[in-house]
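Colleague: Output the structure for:
(chains A and B)
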Amino acid sequence: MATRTSADISQPSAIEVATPLRAGERTDPSGRPIKNHILLSIPDYEYHLLRPHLEFVDLENHLVLQEPRGRIERGYFLNQGMVSLVVATTDGRSVEVGLVGREGIVGALLTVGLDQSPYRAVVQISGEGVRLRARMLKSTLASAPNLHLLLNRYAHMQGLQMAQIAACNRLHDIDQRLARWLLMSQDRVDSEWLPITHDFLATMLGTGRPTVSLAAGLLQRKGLIQYMRGAVRVVDRKGLENAACECYGVVQQYNGALGLK
Amino acid sequence: MAETFGVKKKGRPDKPSALGISRTDRDGKPIRNVILQVIPDREYISLRPHLEFVELAQQRILHEPGEKIEFAYFLNSGMASLVVLTRDGRSVEVAIVGKEGVVGTPLAVGMDRDPYRAIIQISGSGFRVKSELLEETLRYAPELQLVLNRYVLVQGLQVAQIAACNRLHEIEQRLARWLLMCQDRVDSELLPVTHEFLAQMLGTGRPSVSLAAGILQRAGTIENLRGMVRILNRKDLEGAACECYRAMQRFNSGMPRKPL
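Modeller: Numbers count the residues shown, from 1 in each chain, chains lettered A, B, ... in the order given. Have a look, this model is predicted:
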């Protein structure tokens, strides 16, 4: 069949907004460097509108930023670290449906005037960021068209990421999905060490802990990763890319547009 | 049906009467697409000359993965699916679009392709608009821009729920959920879908679908006909579906249902 599949798409094209500044060329009100891609990509005058409302926040592991169906009080722009968006079912199971790092915002729904989130947003890899109150974000957006466009575009790309995860959750094996997850996480934290327990991985991948341990063992025996108590190290990234399902390739295509490597 | 921003819905939201608006395209065909109904007159009038009525036959492909999106499709009736295709020939549906939405959401954020196949699942009709003309219109149509952006996010919520559902729930629950979502968009008890097609949407094999459909039929909730499924007892079907169905109904209430 000559049909192109979802894995064969070319780089997405998008209207260029502006070349982002380098990390640290902007600071928050406490003088700390901004590394968030969206905040580095908006024009000066829009950033100045936003800046007084930004509040530095340490994001510790497992900190919950939003509960399912809770009101979204704040938007969080990450500078560092990673947050998972998790759907939790009433029987206590859960599965990750999206990942947010310094390329994005937690609380994207605020940009279209919605203020309830069906996900749990939980810090998966500790880091830091800046947050601002929902109404401040909303009122700033009216005079910040570039920020508005970037946030809407981010929301769209996050939807694409979620769709691929939706397909992946249905069609692919746990070792492929684990490899895909480790790669997506590494893209967001730029470190070969990922401080993650098997328990947490099981929750993210919607499976049991023994299954994750088995899959991690498989990847370790192939020399792709090394795992220790509470951390996974990516040893052979190329090899891990081959071990992952094609879904990683699909989401990776958007890395450039998101400001990830 | 869902509540709309806490306001109990009066009548079906798809009928012009519920919105108090009766719009037509340039040839006099009635507009039933909710997005085209809720935008202000001024914005609708600027879009109207660009709308082209199209019949949407079952299995028609609106765009392929990675292909440049030439048109946005505002559905009037029927249903489209967004499907992820994998290299080994498998597929799974990641979103459903009916008259509440639009196919071609990347255009709303200045992008021109996505990694899905968009395919008509239940035949119907709609209005298409060339991507350049939509982009041009959007520059002077802030409410349309807002409602499209909002739809992007509400669709993202649906996609996320399907992601969880695909992982956590059994095929009977997922089948029930799918039939309900489908019926919500077509307003008919007869859904013209084959088990083969359902298998592709649910990302499973045909035998698994037939087995699940058999269970639902024995419970008296549906009847399997040649190339069709009839819904006999919607209430019980809701009971058979996973919680994802209700969750997704709630998300749809995030879309405006009255004139902006």
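
Colleague: closest point of chain B to chain A, which residue?
Modeller: Using C-beta to the nearest C-beta, the closest approach of chain B to chain A is made by B:G66 at 3.0 Å. C-beta here means a position set from N, CA and C on the backbone, and glycine is covered the same way.

Colleague: Surely B:I215 is in contact with B:I171?
Modeller: No. B:I215 is beyond contact range of B:I171, at 9.2 Å (criterion: C-beta atoms under 8 Å).

Colleague: continuing past the longest helix seen in chain B, what's the next helix or strand?
Modeller: Secondary structure assigned by DSSP state H gives helix B:142-168 as the longest helix of chain B. Next helix or strand after helix B:142-168 toward the C-terminus (DSSP states H and E): helix B:171-186.

Colleague: angle of that following helix against helix B:142-168?
Modeller: 160 degrees (axes from the mean of the first three to the mean of the last three C-alpha atoms, to 10 degrees).

Colleague: CA atoms only for helix B:171-186 - export them in PDB, please.
Modeller: Taking C-alpha atoms only, helix B:171-186 is exported to PDB below (Å, rounded to 0.1, in the frame of the first residue of the first chain):
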ATOM      1  CA  ILE B 171     -13.500  -4.200  24.600                       C
ATOM      2  CA  GLU B 172     -17.300  -4.500  25.600                       C
ATOM      3  CA  GLN B 173     -17.000  -1.200  27.600                       C
ATOM      4  CA  ARG B 174     -15.200   0.500  24.800                       C
ATOM      5  CA  LEU B 175     -17.600  -0.700  22.200                       C
ATOM      6  CA  ALA B 176     -20.500   0.500  24.200                       C
ATOM      7  CA  ARG B 177     -18.800   3.800  24.700                       C
ATOM      8  CA  TRP B 178     -18.100   4.100  21.000                       C
ATOM      9  CA  LEU B 179     -21.700   3.300  20.000                       C
ATOM     10  CA  LEU B 180     -23.000   5.900  22.400                       C
ATOM     11  CA  MET B 181     -20.600   8.600  21.100                       C
ATOM     12  CA  CYS B 182     -21.600   7.700  17.600                       C
ATOM     13  CA  GLN B 183     -25.300   7.900  18.300                       C
ATOM     14  CA  ASP B 184     -24.900  11.300  20.000                       C
ATOM     15  CA  ARG B 185     -23.700  12.600  16.700                       C
ATOM     16  CA  VAL B 186     -26.100  11.000  14.300                       C
END
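
Colleague: ok so, going back, state the phi and psi torsions of the residue of chain B closest to chain A.
Modeller: phi 80, psi 0 (degrees, to the nearest 10).

Colleague: That one: how many residues sit nearby?
Modeller: The local packing of B:G66 (other C-beta atoms under 10 Å in any protein chain shown) involves 21 other residues.

Colleague: The longest helix of chain B: how far from the chain's middle?
Modeller: 11 Å (C-alpha atoms, centre = their mean, to the nearest Å).

Colleague: With stretch A:63-72 instead?
Modeller: Taking mean C-alpha positions (C-alpha atoms, centre = their mean), stretch A:63-72 and its chain are 16 Å apart.

Colleague: just stretch B:104-117 next, same as before
Modeller: 16 Å.

Colleague: Do me a favour and get the end-to-end distance for that stretch?
Modeller: Using C-alpha to C-alpha, to the nearest Å, one end of stretch B:104-117 lies 11 Å from the other.

Colleague: Could you do stretch A:57-73 as well?
Modeller: 14 Å.

Colleague: quick one, what contacts A:N255?
Modeller: A:D187, A:K261 (C-beta atoms under 8 Å, 6 or more residues apart in numbering or on different chains).

Colleague: repeat for A:C245
Modeller: A:C168, A:L171, A:H172, A:D173, A:Q176, A:R177, A:A179, A:R180, B:T86.

Colleague: And for the last one, the neighbour number?
Modeller: Right, B:T86. Neighbours of B:T86 using other C-beta under 10 Å come to 20.

Colleague: Check what pLDDT it gets.
Modeller: Turning to B:T86, the model gives it a pLDDT of 89.

Colleague: One more: the fifth one?
Modeller: Per-residue pLDDT puts A:Q176 at 95.

Colleague: Report the secondary structure state of it.
Modeller: helix (DSSP: H, G, I helix; E, B strand; the rest coil).

Colleague: wait, isn't it in contact with A:E241?
Modeller: No. Using C-beta under 8 Å, A:Q176 is not in contact with A:E241; the gap is 11.1 Å.

Colleague: So if I had to pick from the two, which one is more boxed in?
Modeller: A:Q176 (18 against 15).

Colleague: Give me the distance between that one and A:N242.
Modeller: With distances taken as C-beta to C-beta, to the nearest Å, A:Q176 is found 10 Å from A:N242.

Colleague: Check A:V123 too.
Modeller: 30 Å.

Colleague: More neighbours: the two, which one.
Modeller: Legend: neighbour count by other C-beta under 10 Å for A:V123 and A:N242, higher for A:V123 (23 against 12).

Colleague: and the closest residue to B:L47 other than its chain neighbours, what element?
Modeller: Spatial nearest neighbour of B:L47, chain neighbours left out: B:T137 (5.1 Å); criterion: C-beta to C-beta, 6 or more residues apart in numbering or on different chains. Here B:T137, judged by DSSP H and E, is contained in helix B:131-139.

Colleague: The residue of chain B closest to chain A contacts A:R4, correct?
Modeller: Yes. Shown here, B:G66 and A:R4 form a contact pair, counting by C-beta under 8 Å, at 5.5 Å.

Colleague: all strands of the stretch 1-150 of chain A, in order?
Modeller: Ranges of strands in the stretch 1-150 of chain A, per DSSP state E, counting those that start in this stretch, are A:55-59, A:64-66, A:70-71, A:74-88, A:94-100, A:105-106, A:116-117, A:120-133.

Colleague: wait, the stretch 1-150 of chain B
Modeller: Using DSSP E, counting those that start in this stretch, strands in the stretch 1-150 of chain B cover B:52-56, B:61-63, B:71-85, B:91-97, B:102-103, B:117-130.

Colleague: This completes my enquiry, with thanks.
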